[in-house]
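K.L.:
What follows is a protein structure lacking sequence information:
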């Protein structure tokens, strides 16, 4: 590719970008070539001293993308610390007379002009593999092929467009740089341009008083972002990482625009808005001097008139909305010189300017002199900022083909969106543990300075793909597992055997322990035991021990667990057909109860209860001809009226159970009882498990707020007026402490609760969810349940919930090596002390997030170790210990920390931290804290790791370049910024759901996957390439699928070809498509088969069955769909990605100044 070739400008409207080929690739991730030593540094990033380079023009350094008086940045191979992800450089069209430079004039030879955001070919900064590139410590011999990371090719580096070719152009180039703080600003119109946009020519040197209409409204009061752009506005062009963005003035004046003269006045800070700021009067007629003509409005359904042009407003940053709060503006600051804009000459469907985001500083201040020609309006182009789709795609192509071998310490795994195979060689698989950073600071001061939270997201019973081996079960007989005498850590690959193998030194606390005689083995010449490879606990990161009786309650082995099905038979449940549906399903589902791998039948016993205001217990003993019902109406003092015959073996009592399930719907068919109880139902299940002396799970199917007289009775306290007030936190807290105490009793017995809710109105999920949440259970919610549309989703969820692997009566402890300790825990569990995480049940989908803090110094040589030990009862009643070990590197340089972070895990932790924060703090405080922490993380990187550059550039660490876009998604989520249609119950439900999600689930939940179905190849198994979550990426002639782990939307554009509509929906026109479909019709044509196979494939990847929603363009449901286009501005006031990036830049600059 010629260096002067016109760069790729991002796909035109509606075209897909290189995207995410789905998870189901037969490909693996991340191992080096055998015998190639691992490089200590990131990919090589610039001219080598040995090679002669052409001499660039004096004062101009290609590596920086703008002229510089200082010395050039020397790009040595430590790419992350020196060439991080500068967000892009610009390309100005050369002035008409300036010849393009000769290919080699100022570029190191062989350099390609590629953007990492748009192409996967050449990267700068750390290679996109995000693989750790550290030299192995001296204490750890390097084994060829032992899981080191891929050796990336040296990638070349160059400026994106031609350099200034003349003095005139060079001065233009200089003039666009962001220098100083006085910026030219013309007052933006307040409001979003629903009248003709106007702007008043500013007087040179004037200050705008607060309240004069100059504040940009940036909250729930503001409408959707404008989408029309004057034809002829420059649109930005993708930069590439490792390059700074510097604004360039157009050498040529765009005809038809007379921008206002720049003033040296300081515009007010535009963040946050004032309410009631007056809008400047509409001025029809010819433009005043300095007034810009707006371009023709584009045909956006949600817009009235053309938007205000972003006049020469330099760097006024609206910040993210703070939950729509209004109030007096803060004291005005001089606006920061902005996130510089870029331009090129491409116009497809032209992207709209962000309101009031001008370019950066347009020139030197005019002290009394006549103003020079100002630049035309510019805006940041969405294609020029880091794209999640591109990062995901790059990681897939770089790390999806090789197995990820876990032998080496501190390796960063491939992203959760990459399909890869794991080979356990001493560290736990990333499917079990993922960390926010794999290289942690040696001191607490360094950790505080960086503000990067040190946390691990642990999924102890994670499901593995069929190609990977389940953890081996080790039986040490009556003596049990070998442990350290002092800290009680379990034997693992990092323990050091000494004195010929007679003793071992603990890797966690350094205590020396005698090796028990039965466990003794000789050492080889390297100090390893000769049975090293025969023992899973010495050679693998994850394994299980069979627990001895000492690990059991009351020193006796547990009985197999029980499942109790508890069905609400009040009027609503019966009338909706729910009771009949549950009973029919249970008849067949009971054949699929979980069982140990080699067992003929499940050891789990089952019992049945129905309830409304009273409880009905059923005796289904195998010797009975018919089931017997016993009613307990004294709900204030709950007891179980029968012991024998309540919990039974399914096969022995099959005929009695079937008879019962046939009779229940008939028995309650004519019920008029509308009131229900709830707490006594849980108490009944708990008492039954106590009497049977076993652990187990209650499956409760419940429809309404429990208002009947009974313990745990609730009242309707839903109050939307509390939103955005200090009392909003009460909406997330339980009404009464009764359920907390009940949860504590349940955990002590090993009674886990799974709750299926079918509300038609407020149900108080925040209170009803306490017991499921603290016992390690799950909540499923089907609002306004209707048989025909919700049946599939409910039945699929129920089947999976009953069948999935689960451990009962579980206790988890995380041990760490000296220097750090576990200080905080997030997830669905109960803690009675500061170290043990207790769960009545723990299934294969639940994660526990653990935060670590320093309590001493760490050393680079020894690194840091984590050991997660989970004690649980299997579904056959076997007591087991599952152990996961992970070794991390430690660093004294901040650059090493930032080079080994994992943004997806960081966002998982931050979301959980924020979602817990809303229980005790106002939502606005939580949002501000999140923004502040991320600004500090990025400011610390900028200050300590990035090469020196103009303050006007936003510089992001390579592996954190998606932190702003993902953080904005968390801030805009329903919990932290609800729209008017989000109910209090929805928010409480989402809050609990996210708290135990794994990293893959939070990734797709906060940044949904958007696939263009019309681009799918019907002959291949692969998914179509994903596109970014923005309305401007949609074409009205296409059909798209969006999934977020809870819902699947199929969006149909108004201009889709009739043939496609016929093939997918079986109707002949757009108008006939029904948006009440809950499944796509089964049609015999390749397109229908392909789309249904994509939907099935996505359903299979998620822990819950996603609800299918058909959305027709310009239909009322489209508002719901647009809520998930997270790069756009949200109706509830959430910032667009572009706006938020600008705001983050401003926050970082304030911290640095």
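P.N.:
Yep, it's here. Remember, it's a predicted structure, so these values are computed and weren't measured experimentally.
K.L.:
and the lengthiest helix in the chain, average pLDDT?
P.N.:
Ranked by residue count and defined by DSSP state H, the top helix of the chain is helix 923-944. For helix 923-944, mean pLDDT rounds to 96.
K.L.:
and if you look at stretch 847-864?
P.N.:
Mean pLDDT, stretch 847-864: 96.
K.L.:
What of stretch 714-722?
P.N.:
Rounded mean pLDDT across stretch 714-722 is 94.
K.L.:
Just the pLDDT for the residue nearest to residue 1105 when sequence neighbours are not counted.
P.N.:
Excluding its sequence neighbours, the residue lying closest to residue 1105 (Cβ to Cβ, 6 or more residues apart in numbering) is residue 796, at 3.7 Å. (Each C-beta comes from the backbone N, C-alpha and C, glycine too.) Note on residue 796: pLDDT of 97.
K.L.:
quick check, residue 796 in a strand?
P.N.:
No - read with DSSP: H, G, I helix; E, B strand; the rest coil, residue 796 is helix and lies in no strand.
K.L.:
For it, give its distance to residue 1106.
P.N.:
9 Å (Cβ to Cβ, to the nearest Å).
K.L.:
hang on, residue 1007 packs against residue 1029?
P.N.:
Yes - assessed by Cβ atoms under 8 Å, residue 1007 is found in contact with residue 1029 at 6.5 Å.
K.L.:
what sits in contact with each of those two?
P.N.:
Common neighbours of residue 1007 and residue 1029, using Cβ atoms under 8 Å, 6 or more residues apart in numbering, are residue 1126.
K.L.:
between the two, which one's more packed in?
P.N.:
Each of residue 1007 and residue 1029 has its neighbours counted (other Cβ atoms under 10 Å); residue 1007 has more, 26 against 22.
K.L.:
Could I get the pLDDT score of that one?
P.N.:
The per-residue pLDDT reported for residue 1007 equals 98.
K.L.:
ditto for residue 675
P.N.:
On pLDDT, residue 675 comes in at 96.
K.L.:
Show the contacting residues for residue 661.
P.N.:
583, 584, 586, 587.
K.L.:
picking up where we left off before, out of residue 796 and residue 1106, which sits in the busier spot?
P.N.:
Counted by other Cβ under 10 Å, residue 796 and residue 1106 do not tie: residue 1106 has more neighbours, with 19 against 14.
K.L.:
What number of residues are in the vicinity of the nearest residue to that one once chain neighbours are set aside?
P.N.:
Residue nearest to residue 1106 in three dimensions, not counting chain neighbours: residue 1048, with 4.6 Å by Cβ to Cβ, 6+ apart. Look at residue 1048: counted by other Cβ under 10 Å, it has 23 neighbours.
K.L.:
now residue 1096
P.N.:
For residue 1096, the neighbour count with other Cβ under 10 Å is 9.
K.L.:
who touches both of residue 796 and residue 1106?
P.N.:
Common neighbours of residue 796 and residue 1106 (Cβ under 8 Å, 6+ apart) are residue 1099.
K.L.:
Show me this protein divided up by domain.
P.N.:
478-540, 561-803, 902-1006+1137-1152, 1008-1125 (the TED database).
K.L.:
Show the end-to-end separation of the last one, please.
P.N.:
Start and end residues of domain 1008-1125 are separated by 8 Å (Cα to Cα, to the nearest Å).
K.L.:
same deal with the first one?
P.N.:
Distance across domain 478-540, first residue to last, is 23 Å (Cα to Cα).
K.L.:
What's the mean pLDDT across it?
P.N.:
On average, domain 478-540 scores 95.
K.L.:
for the stretch 701-850 of the chain, what spans make up the strands?
P.N.:
751-757, 779-781, 806-816, 820-826, 837-843, 848-854 (DSSP state E, counting those that start in this stretch).
K.L.:
what stretches of the chain score poorly on pLDDT?
P.N.:
1-379 (pLDDT under 70).
K.L.:
run the last query once more with 80
P.N.:
For the chain, the stretches with pLDDT under 80 are 1-380, 597-598.
K.L.:
Which residue, other than its chain neighbours, is closest to residue 658?
P.N.:
Nearest non-adjacent residue to residue 658, counting by Cβ to Cβ, 6+ apart: residue 587, 5.8 Å away.
K.L.:
Show me which strand runs longest in this protein.
P.N.:
Ranked by residue count and defined by DSSP state E, the top strand of the chain is strand 879-891.
K.L.:
so what secondary structure elements neighbour that one?
P.N.:
Of the remaining helices and strands, those touching strand 879-891 by 3 or more Cβ pairs under 8 Å, 6 or more residues apart in numbering; DSSP states H and E are strand 433-435, strand 439-441, strand 542-546, strand 864-873.
K.L.:
do you know how far residue 963 is from residue 1030?
P.N.:
Taken as Cβ to Cβ, the span from residue 963 to residue 1030 is 19 Å.
K.L.:
When the two are compared, which one has more neighbours?
P.N.:
More crowded of residue 963 and residue 1030, by other Cβ under 10 Å: residue 963, with 21 against 18.
K.L.:
pretty sure the more buried one is touching residue 938, no?
P.N.:
Yes - the pair residue 963 / residue 938 is scored as a contact, 7.0 Å apart, by Cβ under 8 Å.
K.L.:
How about the contacts made by residue 825?
P.N.:
Counting by Cβ under 8 Å, 6+ apart, residue 825 touches 831, 837, 848, 849, 850, 851.
K.L.:
who wins for most neighbours among those residues?
P.N.:
residue 849 (27 neighbours).
K.L.:
give me every residue that touches that one.
P.N.:
Residue 849 makes contacts with 455, 456, 457, 458, 825, 826, 827, 908, 909, 912, as judged by Cβ under 8 Å, 6+ apart.
K.L.:
how close does it get to residue 430?
P.N.:
The gap separating residue 849 from residue 430 is 15 Å, by Cβ to Cβ.
K.L.:
Kindly report the same for residue 988.
P.N.:
In this view, residue 988 and residue 430 are 31 Å apart by Cβ to Cβ.
K.L.:
Equivalent analysis for residue 783, please.
P.N.:
35 Å.
K.L.:
With residue 1041 instead?
P.N.:
Computed as Cβ to Cβ, the residue 1041 to residue 430 distance reads 27 Å.
K.L.:
Neighbour count for those two, which is higher?
P.N.:
residue 430 (27 against 23).
K.L.:
Checking the more buried one next. Helix, strand or coil?
P.N.:
Residue 430 ends up coil, using three-state DSSP.
K.L.:
Spatially nearest residue to it, not counting backbone neighbours?
P.N.:
Closest to residue 430 by Cβ to Cβ, 6+ apart is residue 413, at 3.7 Å.
K.L.:
The one you found is in contact with residue 403, isn't it?
P.N.:
No - Residue 413 is beyond contact range of residue 403, at 11.3 Å (criterion: Cβ under 8 Å).
K.L.:
For these two, work out which one has more neighbours and name it.
P.N.:
Taking neighbours as other Cβ under 10 Å, residue 413 and residue 403 compare with residue 413 leading, 26 against 16.
K.L.:
ok, that one to residue 432 distance?
P.N.:
For residue 413 relative to residue 432 (Cβ to Cβ), the value is 11 Å.
K.L.:
Likewise for residue 1113?
P.N.:
Distance, residue 1113 to residue 432, using Cβ to Cβ: 43 Å.
K.L.:
Neighbour count: the two, which is higher?
P.N.:
residue 432 (26 against 16).
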